[in-house]
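[1] sequence plus predicted model, see below.
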Amino acid sequence: MNDKFTLGNDACEFPEKGCRRNSAHMLPVTDWLCDIPENTRITDLIEVQFKNTRKGYYHNSEHLPLEKGSVVVVEANPGYDIGEVSLTGELVRLQMKKYHIDTERYEVRNVKRFATEHDLEKAKEAHAREQETMIKARQLAKSLGLEMKIGDVEYQGDGTKAIFYYIADGRVDFRQLIKVYAETFRIRVEMKQIGARQEAGRIGGTGPCGRELCCSTWLTNFSSVGTGAARLQNISPNLQKLAGQCAKLKCCLNYEVPVYEEAVKKIPHRNIPLETQDATYYQFSTDPLAETVTYSSDQHMAANLTTISAARAWEIIEANKRGEKPADLQLKSHSKEAEIGYHNVVGQDDVTRFDRKKRNSHHRNDKRRNEHKN
């Protein structure tokens, strides 16, 4: 078997086996049970990775000594396909449960054998045609006047079938298109619709955070993202900055929403003013995570801004309900506490401050050695 096998544009080099994550593929799973001897005996199910994010689940009915990284030939309809084993043992069953795959309804095919040199060469020839096929497929779809975009093409390992991934806003009648594709490319055709987020996950890339896209590394379920998530986190509603590579709002905007929703409950409503003996203060801005609120003496502009804790704001609100008005928004002891907590740190950033301590230490040690010799 060859030591390098290319699945589309992803190169998989061996040895990428055992417990290590295979970073050559998208959506990898860390097999944290791989060093348990009984793990592979629990079930004969295995997970096989194909191009990009496509995975399949198969029975190791031949009881082959499979491990993570093995390139195998699996049954397909029709013919066969070639992929890389990405997971074995108990975690495969848990992955199928996660994706709601019922073994009674889902036809679990079998692994036929290890891939031979002939199998790998044939698969490479098929994958080499994908780019040319995708360009031609887009032209044919445009000639038929279909409102769709062919995002990617994936050939089966034996070259007899291809999956055409397309993006469309609505339903598309592509029955005529399938006939044209079959006649043009001389293959069996399967059409699979994906969204803009799925397309970004298949293509991959690096986000503005400097890391690989979440949709191509670990994110499998795509939830709707609204501008309300940005407003809740006090993020500037700049659509150009909030949009990801898929031109949709970034998925990461939803990550901290539950934390902010819980923190906002501790903040008074913005329509509740605070009454003091001097003036009426209106809510200007909030910091839910720090549990602080900034108030302004003018309802329409920033004036005499004062930042207090959410707990202090609630105290004033309760006092106003009783008809009481405090003299100031701040507690009387606030300024004293601030003075006590202030320390002059000027000069502490001197880069030679540690050198002086080392020199003094060396001097004392040398003096002790001389005294001991005398």
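    Okay, I see it.
[2] quickly list the domain ranges of the protein.
    Here the domain parsing of the chain from automatic domain parsing is 4-116, 129-197, 223-265, 274-340.
[3] between these, which gets nearest to Thr206?
    Nearest to Thr206 among the domains of the chain is domain 223-265 (9.0 Å), distances taken as C-beta to C-beta. Glycine gets a C-beta too; all of them are placed from N, C-alpha and C.
[4] redo the domains of the chain as CSV? Include mean neighbour count and distance to Leu213.
    Formatted as CSV, the domains of the chain follow (neighbours: other C-beta atoms under 10 Å; distance: least, C-beta to C-beta, whole Å):
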stretch, mean neighbour count, distance to Leu213
domain 4-116, 17, 9
domain 129-197, 16, 10
domain 223-265, 14, 7
domain 274-340, 15, 26
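[5] which of these comes out lowest on mean pLDDT?
    Mean pLDDT is lowest for domain 4-116 among the domains of the chain, at a mean of 79.
[6] tell me the pLDDT at Ala200?
    At Ala200, the pLDDT recorded in the model is 89.
[7] now Glu62: how far from Ala230?
    53 Å (C-beta to C-beta, to the nearest Å).
[8] for Glu212, which of the domains of the chain is the nearest?
    Of the domains of the chain, nearest to Glu212 by C-beta to C-beta is domain 4-116, at 8.7 Å.
[9] so Asp173 is in which element?
    Using DSSP states H and E, Asp173 sits within no helix or strand.
[10] mind checking how far it is from Thr53?
    Counting by C-beta to C-beta, the gap from Asp173 to Thr53 is 27 Å.
[11] and Ile82, helix, strand or coil?
    Following DSSP: H, G, I helix; E, B strand; the rest coil, the label given to Ile82 is strand.
[12] nearest residue to it in space, ignoring adjacent ones along the chain?
    Using C-beta to C-beta, 6 or more residues apart in numbering and skipping residues adjacent in sequence, the residue nearest Ile82 is Gly157, 3.3 Å away.
[13] contact partners for Ile272?
    Contacts for Ile272 (C-beta atoms under 8 Å, 6 or more residues apart in numbering) come out as Gln283, Ile317.
[14] now do the strands in the stretch 101-250 of the chain.
    Per DSSP state E, counting those that start in this stretch, the stretch 101-250 of the chain carries strands over the ranges 109-114, 149-155, 161-167, 188-193.
[15] ok, which of the ones you listed comes nearest Thr88?
    Of the strands of the stretch 101-250 of the chain, nearest to Thr88 by C-beta to C-beta is strand 109-114, at 11.0 Å.
[16] partners of the closest one in the sheet?
    strand 55-59 (parallel), strand 71-75 (antiparallel) (DSSP bridges).
[17] Throw the ones you listed into JSON lines and include distance to Glu107, thanks.
    What follows is the strands paired with strand 109-114, written out as JSON lines (distance: least, C-beta to C-beta, whole Å):
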{"stretch": "strand 55-59", "distance to Glu107": "10"}
{"stretch": "strand 71-75", "distance to Glu107": "10"}
